[in-house]
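In: sequence unavailable; structure follows:
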């Protein structure tokens, strides 16, 4: 797997919308996100079709692929951020020019529905991609420091580093009300202790599972899985999706689970009940309630990179990213 060149101050970041359109964002939110990225020293530009929208608040496959290809083709662009998630990014996969991406490697970052594209790029272009904040994530004011810190750690420097728990986390609709936020103390939790190192695969669980049976699905062998899901899942569907992924894997060295939104009803009791069903998970390190997914804030991690897990101590260290 090839590691793209890290970002530095003065670099141009291109914003594209391979899932939902930026038209769903407020003008104020767009401006805040731009200013936050500019404060890191980046130049922000937008794809041609980012603010277009159709019946489902997205755009055509052709328009989305055009913006993706142009972002990778443009020599001035050093990094690519997705606007936001959604439901349909896997529509693009057969139409992406993976050789173009292989010839023009650069940072590609997003999460949720973007898991489909990031994973496909990693498997087809042999390029590490990143599960991390969208462009829209940078309009969040409170808890932004943690999110931005680990975004910069992962994408702007090369030295191995530890991913550490945030001090507080939130599951509120911050994009509706930036000031009246509700935060709780963060605790990463251990289901089963142990230490493991390996290739990192994962992201949004239900989106990753859409790739099963296609050439875009990674070969999960001696791998460490990072999985999360959003408020549209429930205990039964998460259990089914996790089982499907585990059955697709040749071997798993560790499992790390992102924190669930409360609307999912996946309480700690429900999650432990689900994990207890799988004897294999009692033999490998397993962490849960970790700072990635659809609660805030989140850290950034590499798809196709390498990570060390010490579940006994609740430690994660990115070693190749």
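Out: Thanks, I have it. Since this is a predicted model, take the numbers as computed values, not measurements. Numbering: from 1, shown residues only.
In: walking through the stretch 1-150 of the chain, point out its strands one by one.
Out: Here the stretch 1-150 of the chain has its strands, by DSSP state E, counting those that start in this stretch, at 12-16, 43-46, 77-82, 107-110, 129-131.
In: so which bits of the fourth one are buried?
Out: In this case it means strand 107-110. For strand 107-110, the neighbour count (16 or more other CB atoms under 10 Å) marks 107, 108, 109, 110 as buried. For every residue, glycine as well, the C-beta is placed using N, CA and C.
In: wait, which of these is closest to residue 129?
Out: Using CB to CB, residue 108 comes nearest to residue 129 of these, at 4.6 Å.
In: how long is stretch 124-141 end to end?
Out: When the termini of stretch 124-141 are compared using CA to CA, to the nearest Å, they are 36 Å apart.
In: buried residues in that stretch?
Out: Applying a neighbour-count criterion of 16+ other CB under 10 Å, the buried positions in stretch 124-141 are 124-125, 127-140.
In: what do you get for stretch 143-150?
Out: Neighbour-count burial for stretch 143-150 [16+ other CB under 10 Å]: 143, 144, 146, 147, 148, 150.
In: doesn't residue 284 make contact with residue 192?
Out: Yes. Counting by CB atoms under 8 Å, residue 192 touches residue 284, with 6.7 Å between them.
In: do you know how far the spatially most central residue of the chain is from residue 47?
Out: Closest to where the C-alpha atoms of the chain average out (CA atoms, centre = their mean) is residue 131, at 2.5 Å. Noted for residue 131: a distance of 20 Å to residue 47, by CB to CB, to the nearest Å.
In: and if you look at residue 256?
Out: 32 Å.
In: residue 297 now?
Out: 26 Å.
In: what's the following helix or strand after the longest strand along the chain?
Out: Taking DSSP state E as the assignment, the strand of the chain that covers the most residues is strand 195-204. Using DSSP states H and E, the next helix or strand after strand 195-204 towards the C-terminus is helix 205-209.
In: quick one: distance of the following helix or strand past that following helix to the chain centre.
Out: As assigned by DSSP H and E, the chain's next helix or strand after helix 205-209 is strand 223-228. In this view, strand 223-228 has its centroid 11 Å away from the chain centroid, taken as CA atoms, centre = their mean, to the nearest Å.
In: look at residue 192 and residue 284 and report which has more neighbours.
Out: Neighbour count, other CB atoms under 10 Å: between residue 192 and residue 284, residue 284 has more, with 21 against 16.
In: tell me the pLDDT of the closest residue to the more buried one other than its chain neighbours.
Out: Once flanking residues are discounted, residue 284 sits nearest to residue 254: 5.4 Å by CB to CB, 6 or more residues apart in numbering. Listed pLDDT for residue 254 reads 98.
In: elements contacting the host helix or strand of residue 254?
Out: Applying DSSP H and E as the criterion places residue 254 in strand 252-259. Secondary-structure packing of strand 252-259 (3 or more CB pairs under 8 Å, 6 or more residues apart in numbering; DSSP states H and E): strand 195-204, strand 223-228, strand 286-293, strand 306-310.
In: between that strand and strand 286-293, how many degrees?
Out: Here strand 252-259 runs at an angle of 50 degrees relative to strand 286-293 (axes from the mean of the first three to the mean of the last three CA atoms, to 10 degrees).
In: what's in contact with the helix or strand following strand 252-259?
Out: Sequence-wise, the next helix or strand downstream of strand 252-259 (DSSP H and E) is helix 268-276. Defining contact as CB atoms under 8 Å, 6 or more residues apart in numbering, one finds that helix 268-276 is touched by 189, 191, 235, 238, 239, 242, 257, 260, 281, 286, 288, 289.
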